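1. With the input below, show me the fold.
(one chain, ligands or ions: 1)
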Amino acid sequence: MLYPEVFDPFRVPGAVLCVQPHPDDCEFGAGGTIALLAGDGRDVYYVTVTDGRMGTFNPKVYPEELARMRRKEQEEAARLLGVRDIIWFDFMDTDVPVKDLRGRLITEIRRLKPSIVIAPDPYTRYEAHSDHINTGRAVLEALILSGLPHVNDVDIRNGLEPYSPRLVMLYYTSSPNGYVDVGGVLNLKVDALARHGSQFPGRDFVEFLVKVNAILYGKLAGVTYAEGFKVIPVDLLHVAPFIERI
Ligand code: ZN
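-> All right, here's what the predicted structure looks like:
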């Protein structure tokens, strides 16, 4: 793969957890990489932070109805990519609180023990959706705290152990430092994203969106189609400001 060796997710064995603010973000941001990791025999899990009930411009679609629709779309899309399980959190769409989400994530990290966590980059300057920013921040905070036994100690009383993943991969990033060649799974990614019919007008549009992003990241990576990530070893998520330049 197209990574500096220590940042290569394909050389870090173990389960993978992809966190998304809304149904469709894992597919859009990292669907090709998820398909490749699952195809490698890795257990891939999703945490979906909100049910996406606000995601429509149509005032005649009721939020509860949209949430039901999106849940079904997400289950189909994840199945196509080989995802093992989806954990649904119950945070309100457009109103995700960092600290509460962080606590729930710490518990899931201790339960699922992923070696790699995939999440939206919260430090993309022009990202305006607070759910994306807050989800990314909550994930990064959870990653440095999940190994500390006195944090969320209710988990420990419930029989879970402190646990730290090794690597975080941030999607939707404007500062990629690692790329996955997704040329071989691009159609699969388009098929999976197109399952989110409530969000996109059709497969052709989805294909256009996926290709635009994959070509831009691909140019940086020197391949036709790539997904780009800011990849950071969890050990460097605190007091290591040089990671911004790597
Ligand atoms: Zn989203």
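2. Next to the ion, which bits of this protein? Give me the list.
-> Contact residues, the chain versus the ion (C-beta under 5 Å from the ion): 21-22, 25. (C-beta placed from N, C-alpha, C; glycine too.)
3. Mind doing that once more with 6 Å?
-> Contact residues, the chain versus the ion (C-beta under 6 Å from the ion): 21-22, 25, 132.
4. farthest pair in these?
-> Of all pairs drawn from these, the greatest distance, 8.5 Å, lies between His22 and His132 (C-beta to C-beta).
5. So for these two, which sits in the more crowded spot?
-> His22 (26 against 23; other C-beta atoms under 10 Å).
6. residue boundaries of the helices in the chain?
-> Ranges of helices within the chain are 25-39, 63-81, 98-112, 130-145, 153-157, 186-194, 203-221, based on DSSP state H.
7. looking at those helices, which is closest to Leu236?
-> helix 130-145 (10.1 Å).
8. Just want the angle from the closest one to helix 98-112.
-> Counting by axes from the mean of the first three to the mean of the last three C-alpha atoms, to 10 degrees, helix 130-145 lies at 50 degrees to helix 98-112.
9. Tell me which residues are up against helix 130-145.
-> Contact with helix 130-145 is made by 19-22, 25, 49-50, 93-99, 101-102, 105-106, 109, 117, 119-123, 127, 151-152, 164-165, 168, 170, 172, 234, 237-238, as judged by C-beta atoms under 8 Å, 6 or more residues apart in numbering.
10. now it: mean pLDDT?
-> Mean per-residue pLDDT for helix 130-145: 98.
11. Low-confidence regions, this protein specifically.
-> 1-6 (pLDDT under 70).
12. Which one of the residues in it is closest to the ion?
-> Nearest residue of the chain to the ion: His22, at 3.6 Å (C-beta to the ion).
13. quick one: the closest residue to that residue other than its chain neighbours and Gly218, what's the gap?
-> Take His22 and drop its neighbours on the chain: the residue closest to it by C-beta to C-beta, 6 or more residues apart in numbering is Gly52, 4.1 Å away. Applying C-beta to C-beta, to the nearest Å, the value for Gly52 to Gly218 is 28 Å.
14. now do Thr173
-> According to C-beta to C-beta, Thr173 stands 15 Å off from Gly218.
15. Ok, Pro13 next?
-> Taking C-beta to C-beta, one finds Pro13 at 27 Å from Gly218.
16. quick one, which of the two is more surrounded?
-> For Pro13 versus Gly218, neighbours defined as other C-beta under 10 Å are more numerous around Gly218 (21 against 12).
17. pretty sure the more buried one is touching Val212, no?
-> No - look at Gly218 against Val212 with C-beta atoms under 8 Å: they stay out of range, at 10.5 Å.
18. Tell me, how many residues neighbour His238?
-> Applying other C-beta under 10 Å, we find 12 residues neighbouring His238.
19. residues contacting it?
-> His238 neighbours (C-beta under 8 Å, 6+ apart): Ile144.
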